[in-house]
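[1] what shape does this take:
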Amino acid sequence: MNEKEHQMESISQEIINLKLELSSSTSEIGDYRIIKTYEARLNNEEDPYDTKSILAKRQEIRDKINALQQKLDTLQAEEESINAEK
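    Next comes the predicted model:
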């Protein structure tokens, strides 16, 4: 595995880990907390968590995922270009 392939694999794994952080029921910012907040609001109850903070942190994660995905796309395009030249 060359350096670029290793870098792409590392970025892909980081994207997976970040997506898991968003969806995990044990994460401080996971979907479970969003669902529980939604349920509380449907029942006219107070939010069980600091929703603004959770949403801000979730957006930071999404922004990081998007930046990593762009970097991965660029590396993949470069790799495909190099392979096409061979």
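
[2] packing partners of the helix or strand hosting residue 39?
    Following DSSP states H and E, one finds residue 39 within helix 31-42. Where contact means 3 or more CB pairs under 8 Å, 6 or more residues apart in numbering; DSSP states H and E, helix 31-42 is packed against helix 51-85. Using the backbone N, CA and C atoms, a C-beta is placed for each residue, glycine as well.

[3] which parts of the helix it packs on are buried?
    Neighbour counts over helix 51-85 (16 or more other CB atoms under 10 Å) mark 54, 57-58, 65, 68, 72, 75 as buried.

[4] tilt between it and helix 31-42?
    Orientation check (axes from the mean of the first three to the mean of the last three CA atoms, to 10 degrees): helix 51-85 against helix 31-42 gives 140 degrees.

[5] is residue 25 in a helix, a strand, or coil?
    Three-state assignment for residue 25 (DSSP: H, G, I helix; E, B strand; the rest coil): coil.

[6] CA-only coordinates of the helix holding residue 39 in PDB, if you can.
    Provided in PDB are the C-alpha atoms of helix 31-42 (Å, rounded to 0.1, in the frame of the first residue of the first chain):
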ATOM      1  CA  ASP A  31     -29.200  10.300  17.400                       C
ATOM      2  CA  TYR A  32     -30.700   8.900  20.600                       C
ATOM      3  CA  ARG A  33     -30.500  12.300  22.300                       C
ATOM      4  CA  ILE A  34     -32.100  14.000  19.300                       C
ATOM      5  CA  ILE A  35     -34.900  11.400  19.300                       C
ATOM      6  CA  LYS A  36     -35.500  11.900  23.000                       C
ATOM      7  CA  THR A  37     -35.600  15.600  22.600                       C
ATOM      8  CA  TYR A  38     -38.100  15.300  19.800                       C
ATOM      9  CA  GLU A  39     -40.300  13.000  21.900                       C
ATOM     10  CA  ALA A  40     -40.200  15.500  24.800                       C
ATOM     11  CA  ARG A  41     -41.200  18.300  22.500                       C
ATOM     12  CA  LEU A  42     -44.100  16.200  21.100                       C
END
